[in-house]
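Peer 1: model this:
(2 chains)
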Number of protein chains: 2
Amino acid sequence: MASGVFDIIHTGHISYLEQAKAMGDELYVVVACDDTVRMKKHEPITPESMRVRIVNSLKPVDYAILGKSGGDLFSILKDIEPDIIVLGYDQNFDEDDLQNNLNDRGFHIKVVRATKYGEDLTATRKIIQKIVKRNGGEKQ
Amino acid sequence: MASGVFDIIHTGHISYLEQAKAMGDELYVVVACDDTVRMKKHEPITPESMRVRIVNSLKPVDYAILGKSGGDLFSILKDIEPDIIVLGYDQNFDEDDLQNNLNDRGFHIKVVRATKYGEDLTATRKIIQKIVKRNGGEKQ
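Peer 2: Next comes the predicted model:
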């Protein structure tokens, strides 16, 4: 299982999902719903229905699922029952904390972190900065 | 065979490629190289290598190929030998002119146009406008 916002797909996302797929048989991807994105990061550029559709169109992905509002990780884990959770290299989770938390709750799930993809311009933030700069927006 | 710039993948691209795939056995996609994009449209946001990699990661796509600088369609057709060329619904080609041109040159290729995908925010231009507006760029 992998997860993320996936707002404007870039090669960092592809690398992350390919790494996750290579670790198991089937890859489930939880796409954060618009409410969760607003609470944690910012207003999404593309709405949740499109983000799910695009992630579902990527070769490494078997099932893209919209996350629930409020984002309770543990209730989703009961639905999906993954063997492995793969975190993105820049995802804001402490691996050990998450692993301990899962163990304490009786889940038999291994937490793994993906490695960084080497190319530049991999983050959505950088793409947005490039667009804004070119169109006369605020300075970086 | 389908073709395009594919700079920031959106659901309109996915729909186009799914329609193209459904018309044949294997889908080849020619991704316009950076030089061609600069000549015809604008500076690409994402470089050609990333655009090819992302298109290659989409389920309907069997082979994504970087177009040649100068963009000679007919030389690419000799390499790929497609049975069908599927144009995007908004691609700036006259179908009949292209079909006649191909017939005159002895190609046995059918030209078909994909239909428009119903959702809003399907064009890269709209995504860019949304980003710029939100970040204090020029007025629309």
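Peer 1: A:Gly67 and B:Ile109: what is the separation?
Peer 2: 44 Å (CB to CB, to the nearest Å). C-beta here means a position set from N, CA and C on the backbone, and glycine is covered the same way.
Peer 1: of the two, who's got more company?
Peer 2: Applying other CB atoms under 10 Å in any protein chain shown to A:Gly67 and B:Ile109 shows that A:Gly67 carries more neighbours, namely 23 against 17.
Peer 1: Contacts only, for the more buried one.
Peer 2: Shown in contact with A:Gly67 (CB atoms under 8 Å, 6 or more residues apart in numbering or on different chains): A:Ser3, A:Val30, A:Val31, A:Ala32, A:Cys33, A:Thr36, A:Ile76.
Peer 1: measure it to A:Val112 for me?
Peer 2: 20 Å.
Peer 1: What's the local residue count around A:Val61?
Peer 2: Other residues close to A:Val61 by other CB under 10 Å number 23.
Peer 1: Contact partners for it?
Peer 2: Here A:Val61 is in contact with A:Leu17, A:Lys21, A:Leu27, A:Val29, A:Val55 (CB under 8 Å, 6+ apart).
Peer 1: Near chain B, which residues of chain A are found?
Peer 2: For chain A, the residues in contact with chain B (CB under 8 Å from any CB of the partner chain) are A:8-11, A:14, A:18, A:43, A:45-47, A:49-50, A:53-54, A:57-60, A:119, A:121, A:127-128, A:130-132, A:134-138.
Peer 1: circling back to that earlier point, in helices, which of the contacts of A:Val61 fall?
Peer 2: Counting by DSSP state H, the contacts of A:Val61 place A:Leu17, A:Lys21, A:Val55 in helices.
Peer 1: Can you check the residues you listed and name whichever has the most neighbours?
Peer 2: A:Leu17 (26 neighbours).
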